[in-house]
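A.B. asks: Show me the folded form of this:
(chains A and B)
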Amino acid sequence: MRTPRALKAAGLVLAAVVLGLLTVQGTYALWNAAVNSNAGTVQAADFRVSLTDGPTNTSMDMTLADGTAATIALSTTPIGVVVPGQSVYTGVQLGNATNAGGDFTIKAGAGEPVITDTSGSGVASLLSVKAVGADALAQCTSAALYAGAQTTASVSIAKNASKVLCFQVTLAGNAPGSLQGKSAGISLPLAVEQL
Amino acid sequence: MNKMAKGAIASGVGVVLLVGGGGTLATWNQAQTASMGSIVSGDLNLEVNSATNIGKWTNAAGTVVDVKAYKVVPGETLTYTQDLKVTLTGDQMAAKLAVTGTGVNTTFLDKNVVVAPTTIKDGVKAIAADDVLTPSVNGHVVTASTTFTFKTSTDARDGAGAKSYEFGGVGYKLVQQAPPAPNSL
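C.D. replies: Okay, the predicted model is just below:
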């Protein structure tokens, strides 16, 4: 069967129209020009505070890798015992180890000490704690530093700087001899906030 | 002389006659040039005006920061600005300038950050996405700006360490609007 000439022509015209439409479809748009901002990515800084115990040079981050709060054991000077009416000293160095791009000052504070008897020793009620801020751990053993000090203290720490919280622990002068060799535990809650 | 030779001679005579009468066939005539001149296209373009501001982040103090290395903390606001040069010529030219794309909050908590929509200003005059620009702004350098705020209400250690907000998808587009007279081409 032969295809009529007219039908062939119609098919040819249709194909030409379709091809023409396909060819020019990109030209329906008007002029336009685009620019990318190249603004990049904003990144958050780290909130990292280091704790250092001077005598042992033990150091750790205040927040552990799992997000929980760290606990650091502080050594006293003199190490070991405290006699009635006298004091021992300790301190913790806090470092503002942030990688913030701008200013980032923090306030580190020691809260009310929690003193607990060890095995019902009865020592806790005869211990008192004073806290004060300082620039270096070496200052903590100076009794004069604690003149007028309270039970709590705080220090401001600039970016990449460090400060010290010093503590004076005093055993009351009227502590009975029966408490010899007894002990108590002192817990000092530390909190740091951005200023 | 055969028929072929006779035909060739006749054709030759005819041609000679046509050539000989070439100047005599015209009657009166006059010519004028159309004076149509040339049609010149307009232009539309949008480009970073690197001469004034290729794009920079500044902190609240106005200090330019390298965002690749800079780390933000709660309470900070960073602002990105970029100058764009608009080319818009053509008697019937009209175009709209719009911001394309938005920042993508990859890891910050939504409650801790605020990103203001990007704005574009021609001097002090804000250009809205629906504003139709004409060649009156041709050559103007407009400024696009975006602000990122790490909210002071951020609590605990929210957002601390390795959180990021991606602005790579933000762009600007100048799009011509169809001339008032319909043009089907």
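A.B. asks: Break down chain B into its strands, ranges please.
C.D. replies: B:43-48, B:56-58, B:64-65, B:71-72, B:77-89, B:95-100, B:104-105, B:113-122, B:125-127, B:141-150, B:164-166, B:171-176 (DSSP state E).
A.B. asks: Check chain A too.
C.D. replies: A:32-36, A:41-44, A:49-53, A:58-61, A:87-96, A:106-110, A:114-117, A:127-134, A:153-157, A:162-171, A:184-187, A:190-194.
A.B. asks: which strands and helices sit next to the fourth one?
C.D. replies: Going back to what we said before, that points to strand A:58-61. Secondary-structure packing of strand A:58-61 (3 or more CB pairs under 8 Å, 6 or more residues apart in numbering or on different chains; DSSP states H and E): strand A:49-53. C-betas here are computed from N, CA, C, even on glycine.
A.B. asks: just so I know, which of the strands of chain A lies nearest residue B:103?
C.D. replies: Ranking the strands of chain A by proximity to residue B:103 (CB to CB) places strand A:41-44 first, at 8.2 Å.
A.B. asks: thinking again about what came up before, need the winner for burial among the strands of chain B.
C.D. replies: strand B:71-72 (a mean of 26; mean count of other CB atoms under 10 Å in any protein chain shown).
A.B. asks: Tell me which strands it pairs with, and in which orientation.
C.D. replies: With DSSP bridges as the test, strand B:71-72 is paired with strand A:41-44 (parallel).
A.B. asks: Enumerate the positions of the partner strand that are buried.
C.D. replies: Neighbour counts over strand A:41-44 (16 or more other CB atoms under 10 Å in any protein chain shown) mark A:42, A:43, A:44 as buried.
A.B. asks: Show the contacting residues for the first one.
C.D. replies: Put plainly, it is residue A:42. Contact analysis of residue A:42 by CB atoms under 8 Å, 6 or more residues apart in numbering or on different chains lists B:57, B:67, B:70, B:72, B:78, B:148, B:164, B:165, B:167.
A.B. asks: what sits against residue A:38?
C.D. replies: Residue A:38 makes contacts with B:55, B:82, B:168, as judged by CB under 8 Å, 6+ apart.
A.B. asks: List the beta-bridge partners for the residue nearest to the first one when sequence neighbours are not counted.
C.D. replies: In space, and not counting its chain neighbours, residue B:55 is closest to residue B:82: 4.0 Å by CB to CB, 6 or more residues apart in numbering or on different chains. On the basis of DSSP bridges, residue B:82 is bridged to residue B:144.
A.B. asks: Looks like residue B:82 contacts residue B:57 (just checking).
C.D. replies: No. Using CB atoms under 8 Å, residue B:82 is not in contact with residue B:57; the gap is 10.0 Å.
A.B. asks: so what sits against both of those two?
C.D. replies: Taking CB under 8 Å, 6+ apart as the criterion, residue B:82 and residue B:57 both touch residue A:39.
A.B. asks: Centroid-nearest residue for chain B?
C.D. replies: Most central in chain B under CA atoms, centre = their mean is residue B:45, positioned 3.2 Å from the mean C-alpha point.
A.B. asks: That one and residue B:149, how far apart?
C.D. replies: Separation of residue B:45 from residue B:149 (CB to CB, to the nearest Å): 33 Å.
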